[in-house]
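Enquirer: Here is a sequence together with a model predicted from it:
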Amino acid sequence: MSPAGGFLALGQGSYDYYGAAINDLAFGTGGFASDGGNGSGGPVGFFALADLFYVPAGYTSLAGINGSSTYTGQSFASLGLTAGTYTYSFLGNSIELRIGDTPAVPAPAALWLFATGLAGLAALRRRRDPA
């Protein structure tokens with residue numbers, strides 16, 4: 001991983017790489033850091049400065065990919081990461097990188113929708129019950 005260079009490789013295993021114009025986004029100021037083999041999931045990543053992205057060998061288009069990496073004894077600050085959500089786009093596809101806390105689902109809106117549905121069902125039942 002190199003936040004300043006726009007490079008990230010997650011997961012383990014063999015991979016294929018493809019060249020494509022990637023929007024050049026750094027996700028921090030840190031230099032190169034290795035996870036020491038503490039990755040999991042399918043290999044996935046990108047190198048924005050070289051316009052390359054990585055997918056598992058034999059990847060089928062539109063199949064989901066999930067990879068992770070653990071940097072033991074490190075913090076976001078020590079790795080030079082900047083918290084946020086970064087989207088790297090290429091060939092009509094995208095990779096979303098989330099660093100830090102992600103926003104919670106707004107419970108009040110979900111509760112309002114649920115309550116409205118229940119009220120509608122109750123009203124429908126009242127109309128069907130003979131008086």
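Expert: Thanks, I have the structure now. Numbers count the residues shown, from 1 in each chain.
Enquirer: Show me where this structure has its strands.
Expert: 7-10, 15-19, 39-41, 44-47, 52-56, 67-69, 84-90, 93-99 (DSSP state E).
Enquirer: Might you quantify the distance of the first one from its chain's geometric centre?
Expert: The gap between where strand 7-10 is centred and where its chain is centred comes out at 12 Å by CA atoms, centre = their mean, to the nearest Å.
Enquirer: Can you give the contact residues for that strand?
Expert: 1-2, 27, 32, 39, 41, 43-49, 54, 67-69, 97 (CB atoms under 8 Å, 6 or more residues apart in numbering). From N, CA and C alone the C-beta is placed, and that goes for glycine too.
Enquirer: what would the strands of the chain look like in CSV with distance to S78, mean pLDDT and mean neighbour count?
Expert: Supplementary listing: the strands of the chain in CSV, determined by distance: least, CB to CB, whole Å; pLDDT from 0 to 100; neighbours: other CB atoms under 10 Å:
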stretch, distance to S78, mean pLDDT, mean neighbour count
strand 7-10, 17, 83, 20
strand 15-19, 27, 85, 14
strand 39-41, 18, 79, 16
strand 44-47, 21, 83, 21
strand 52-56, 25, 84, 20
strand 67-69, 15, 78, 17
strand 84-90, 17, 79, 15
strand 93-99, 13, 77, 14
